[in-house]
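Dropping a prediction and its sequence here:
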Amino acid sequence: NYSEDEKDAYLSDGFTELIIANLAKIKDLRVISRTSVMQYENTTKPLKEIGAELGVANILEGSIHRVGDNIRIVGQLIDAKTDKHLWAETYDGTVADMFTIQAEVATQIAEAKKAKISTEEKTRIAAIHTKNPDAYEAYVRGEEAVALAPVGGIQSGIEFLERAIKLDPEFAEAWAQLGLMHYRLYWFGLD
């Protein structure tokens, strides 16, 4: 996150999650889970060491810089053993373009790895779960609230998810997360 406002870290984390989810849709690629990779978010470890710890051949790293509604996304696919770039690209757009950009990033990475992408996989990658960037922003903030404070963040997460649903009542993922948050409230004896 290179944005001036450190609160925009949720945007970077959300974008990371989207990329991982889309790359995982390509059966010709093996993708490490978000939970495993996020421990390296602010590390200064060499990529060779990270690659060895994760048991991977390549590492995707990148950054997001947001100013208002404008974003710049930089992605780099690096060979974990040689530390050489296999692919790199810069994308400029708005927060509303984020879904299109993340689909393009996933497709270009698969092409750089010479992975086969079926028509069905391309369709799933290109699927946009909400066209409302404000709804997506509220959704990601809800997930961030829970990630930062698993029990204490549930109520805050619910508020963000309810906002996402109010902005886009067709946002199925927000509805699913909201259900999960209410389940957690019940599980922890808070509701």
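Done, it's in. Given the structure is predicted, the values throughout are model-derived calculations rather than measurements. Numbering: from 1, shown residues only.

Give me the contacts around stretch 171-189.
129-130, 132, 135-136, 138-139, 142-143, 146, 151, 154-155, 157-158, 161-162, 164-165, 168, 191 (CB atoms under 8 Å, 6 or more residues apart in numbering). Quick note: C-beta positions are derived from backbone N, CA and C, even for glycine.

List buried members of the residues you listed by neighbour count.
Burial by neighbour count, 16 or more other CB atoms under 10 Å: within the contacts of stretch 171-189 this picks out 130, 132, 135-136, 138-139, 142-143, 146, 154, 157-158, 161, 164-165, 168.

Return the member of these nearest to Ser63.
The closest of the buried ones among the contacts of stretch 171-189 to Ser63 turns out to be Tyr136 (CB to CB; 19.0 Å).

hang on, Lys81 is in a helix, isn't it?
No: read with DSSP: H, G, I helix; E, B strand; the rest coil, Lys81 is coil and lies in no helix.

Whichever strand or helix holds Ala147 - contacts with which helices or strands?
Assigned by DSSP states H and E, Ala147 falls within helix 133-148. When contacts are defined as 3 or more CB pairs under 8 Å, 6 or more residues apart in numbering; DSSP states H and E, helix 133-148 packs onto helix 9-24, helix 98-112, helix 154-167, helix 172-187.

repeat that for 6 Å
helix 9-24, helix 154-167 (3 or more CB pairs under 6 Å, 6 or more residues apart in numbering; DSSP states H and E).

ranking these by mean pLDDT, which is last?
Per-stretch mean pLDDT for the helices and strands packed on helix 133-148 is lowest at helix 9-24 (a mean of 81).

got the angle between the helix holding Ala147 and helix 9-24?
90 degrees (axes from the mean of the first three to the mean of the last three CA atoms, to 10 degrees).

So what touches helix 133-148?
10, 14, 95-96, 130, 153, 156-157, 160-161, 163-164, 167-168, 171, 174 (CB atoms under 6 Å, 6 or more residues apart in numbering).

Am I right that Leu60 is in a helix?
No: applying three-state DSSP, one finds Leu60 to be strand, outside a helix.

check contacts around it.
Leu77 are the contacts of Leu60 under CB under 6 Å, 6+ apart.

quick one: pLDDT of it?
For Leu60, pLDDT reads 91.

If it is in a bridge, with which residues?
Note on Leu60: beta-bridge partners Leu77, judged by DSSP bridges.

For the remainder of this discussion, apply numbering that starts at 594.
Right, with 594 as the first residue, what we last looked at is Leu653.

distance of it from Gln770?
25 Å (CB to CB, to the nearest Å).

Check Glu697 too.
Distance from Glu697 to Gln770, by CB to CB: 25 Å.
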